[in-house]
Every structure is written in structure tokens, then in C-alpha cells.
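Asker: coords please:
(one chain, ligands or ions: 1)
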Amino acid sequence: MIQPCGVRLAGTGSAVPDTTLTNNDLARILDTSDDWIAQRTGIRERRVSAGAPDPVFNLSCLAGQRALDMAGVKGSDIDLVILGTVSGEMLCPSTACRVAAALGATPAGAFDIAAACSGFVYSVNVADSIIRAGRAKRVLAIGCDAISSVVDYTDRTVSILFGDAAGAVVLERCDDPAKGCRYQTMSADGANWQHLYMPYRPDIVPECDRANPIRLGNLRMNGREVYKFAVNRFREVIEDAFQKTGLSVDDVSQVICHQSNARIIESAIEKLNLPREKVLVNIDRYGNTSAGSVGLCLDELNRAGKTPDGQPFIMVAFGGGLTWASCVWDK
Ligand code: ACO
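Answerer: Below is the predicted model of the structure:
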């Protein structure tokens, strides 16, 4: 029989590469400008791996170790490693397997989740469910992407958006059932996958995209369609989280949003009347870091004392798939 339990957020960690790529750096290699990028996206600079080897593995290990350190536990105390990523260096083995081994977590279970920018929130939701089901006591959940290694830097419509980052949490079983994920959603609309995809074979490229130059293994995006999807879905997902939990914006410490575009976040802030101090926007410094973004924000807020114990926070994300997800976390 499963004993009711809660899930404690024991530690957070994050990591970004050392190299900064500014809008002006991009304007030197592309027909673009600091003004265009800043006005359309809110991005000023991003961190990129710049050819460093194994970026998803290395950033995930760094963020994971920082989360373990904050939790005061060792890799050998972890039962399961879940890594949300779509830019790992290999499909087989999963990057999670190598991260678990490097952190000393062997023989913990390990697997990747491919949910693009929703990858961190999917990972946390799955981790919470597995702990509550009694299948693991302590889980390391990570979101990491190094999209800079899978974008075509001759394509100004995609390359300007992305940076690299990892965010991680240690989640552990606790006796207080009120702690942990109070409400979660994980959704997808695979019928619209072609708006954001990374082809590895030419025959998968949809008819509508065949006239454009294709680089296999690189991210392709229909920015306008993704924007329309995101701007509506973002608001709906946040509204749904408040409605289903009966919480008001006064009750939560933060609404932690995937950093896709400052205008998309701004639209949610305005339509839902969210207080600005409760919605971190760090896209100006990091760009869109895909699965890294929500965990990176969570770690920044947690270390600044802005997710106090006793107050819930909300995490929301959307991305390729198309996917979207939310999590209301009782800390
Ligand atoms: N610099 C200068 N001009 C540019 C650039 C650039 N980098 N990119 C495009 N343009 C030009 C276009 O060619 C176009 O010119 P035209 O009017 O002469 O045809 C003009 O600027 C406007 O282009 P749009 O594509 O309409 O620009 P838009 O305002 O839609 O902004 C953007 C583009 C920023 C990509 C926006 O659509 C967006 O943010 N979309 C959402 C992306 C997103 O959130 N992705 C998240 C998911 S990622 C994941 O899951 C891995």
C-alpha cells in the first residue's frame, strides 16, 4: 500500500556557459541589430557553449551538483535522475545516464524527457508523481539545453533567440502531504509539430518548408505561428492554475515563466494583471534557454530568498511538440 507523503524541494542549482554572445556580436555576422532583437524579444545577450565539448552533459552535471550541494546530499543518495532536453549529444545513451554516473548516482534510474522548452516542468511533474507513488525517495530533476549547438548561425530568424543553460532540483519524499506539487498539467498538440522541429532526415521535412535551406540536426521554427500559440496558451495555462487550485495572485510568491520572448511574458502580465515583482524576466541576460529556462529562473529566485517556505509558486512553460505544462508547487 502506498503511504501518503509530500515532496520537499531540498535544493536548486543552475549553470550557464562562460561565453557571452551579445546582440552586437550577432549583428557582426548577420543582417540584424541590437535594436531589432531587443525590441522584438527583450534579449540583449545570451550564454553560448562556443564549441565546448559535450555542453548538455557538462551544464547538467554542474547544475545537478549545485542542487545536490544545496540539499546537503551526495549523488549516491539519489534514486532517479530525470533530464529534460532536446539537444543532448547522443540519443542513445540518454544524457541522464551519463549525468547520473558522473554525479556518483549509479545505479539510480535515469532517463531523458524530450519536451523542448517544457522539459524542466515535465521533469519536475514526473519526479513528484514518482515520489508520491512510492517508487523513489529522492530524485534529481534537470532541464538543460545547448540550443546554440543546434542552430544555424546563418539563419537570423532562429539563431538570435537562443542561449544555453541548465536548471536542476533535488526533490525528496517528506511526511507532510501538503508539500510538493499541488496541481500539474502536461499537454501536447502533435498535429502542429512542424512549427518547431529539428529534422535528422530530409524526408521528414514538411512540404511547406522544403523551399527553404535545410541543415539536418538544426532547429527550425515558424516564429509567427509559435508566437500566436504561445501568447494565448501562456495566459490560459496560468489562469487554469489559479482556477483549479483556488489560489489568487496574492497567495503565490512567484509565477515562474519560460523565457521565450519578453513580449509573450509581458502580454500575460498585462492580461492577468500580475504584479511585476512576481514574474522574473531574465531573458535579457540569457535569451531563450529552452528546457534550461524555468529551472534557471527558479534557482535565481530561490537563492535570492524569493520563494519562501509556506508560500506556493507556479511554473509554466511551452515549446516544441507543441508542448505546454504547469506546476503549482507548495514549498
Ligand atoms: N533581425 C532583423 N530582421 C529580422 C530578423 C532579425 N534577426 N528576423 C526576422 N527579421 C525580419 C523578417 O525577415 C521580416 O522582414 P519583412 O517584414 O521584410 O518580411 C521582419 O523582420 C518581421 O519578421 P517576423 O518574423 O514577423 O518578426 P516577429 O515580430 O514575428 O518576431 C520572433 C520574430 C522574435 C521570432 C517572434 O516571432 C517570436 O518570438 N516567436 C516565438 C518564438 C518562441 O517563443 N519560440 C519558443 C519555443 S523554442 C523551443 O521550444 C525549443
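
Asker: What's the local residue count around whatever residue of the stretch 101-250 of the chain ends up closest to the ligand?
Answerer: Here the residue of the stretch 101-250 of the chain nearest the ligand is Gly223; by C-beta to the nearest ligand atom that distance is 3.0 Å. (C-beta placed from N, C-alpha, C; glycine too.) By the criterion of other C-beta atoms under 10 Å, Gly223 has 15 neighbours.

Asker: That one: what's it in contact with?
Answerer: Residues in contact with Gly223 (C-beta atoms under 8 Å, 6 or more residues apart in numbering) are Thr157, Val158.

Asker: for the ligand, what are the nearby residues on the chain?
Answerer: Remark: the part of the chain in contact with the ligand comprises 32, 36, 40-41, 116-117, 156-157, 160, 196, 223-224, 226-227, 230, 260-261, 288, 290, 319-320, using C-beta under 6 Å from any ligand atom.

Asker: List buried members of these by neighbour count.
Answerer: The neighbour count (16 or more other C-beta atoms under 10 Å) marks 32, 40-41, 116-117, 156, 160, 196, 226-227, 230, 260-261, 288, 290, 319-320 as buried among the residues of the chain next to the ligand.

Asker: Cross these against helices and list the overlap.
Answerer: By the criterion of DSSP state H, membership of those in helices covers Arg40, Thr41, Arg156, Val226, Tyr227, Ala230.

Asker: What strand or helix carries Gln65?
Answerer: helix 55-71 (DSSP states H and E).

Asker: partners of the helix or strand just after that helix, with directions?
Answerer: Going down the chain from helix 55-71, the next helix or strand is strand 80-84, by DSSP H and E. Each strand paired with strand 80-84, and its direction, by DSSP bridges: strand 109-113 (parallel), strand 138-146 (parallel).

Asker: Please put the alpha-carbon coordinates of the longest one into PDB.
Answerer: Provided in PDB are the C-alpha atoms of strand 138-146 (Å, rounded to 0.1, in the frame of the first residue of the first chain):
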ATOM      1  CA  ARG A 138      15.000  11.300  -3.800                       C
ATOM      2  CA  VAL A 139      15.000  12.500  -7.400                       C
ATOM      3  CA  LEU A 140      17.300  14.800  -9.300                       C
ATOM      4  CA  ALA A 141      15.200  16.600 -12.000                       C
ATOM      5  CA  ILE A 142      17.100  18.700 -14.500                       C
ATOM      6  CA  GLY A 143      16.200  20.800 -17.500                       C
ATOM      7  CA  CYS A 144      19.100  21.600 -19.900                       C
ATOM      8  CA  ASP A 145      19.500  22.600 -23.500                       C
ATOM      9  CA  ALA A 146      22.500  23.900 -25.500                       C
END
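
Asker: Please state the offset of that strand from the chain centre?
Answerer: In terms of C-alpha atoms, centre = their mean, to the nearest Å, the centre of strand 138-146 is found 9 Å from the chain centre.

Asker: do the same with the shortest one
Answerer: Counting by C-alpha atoms, centre = their mean, strand 109-113 is centred 15 Å from the centre of its parent chain.

Asker: buried ones in stretch 235-242?
Answerer: Burial within stretch 235-242, assessed by neighbour count using 16+ other C-beta under 10 Å, is assigned to Arg235, Val237, Ile238, Ala241, Phe242.

Asker: Can I get those in TSV including secondary structure and pLDDT?
Answerer: TSV is the format used below for the buried residues of stretch 235-242 (DSSP: H, G, I helix; E, B strand; the rest coil; pLDDT from 0 to 100):
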residue	secondary structure	pLDDT
Arg235	helix	92
Val237	helix	96
Ile238	helix	96
Ala241	helix	97
Phe242	helix	97
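
Asker: Many thanks, have a good one.
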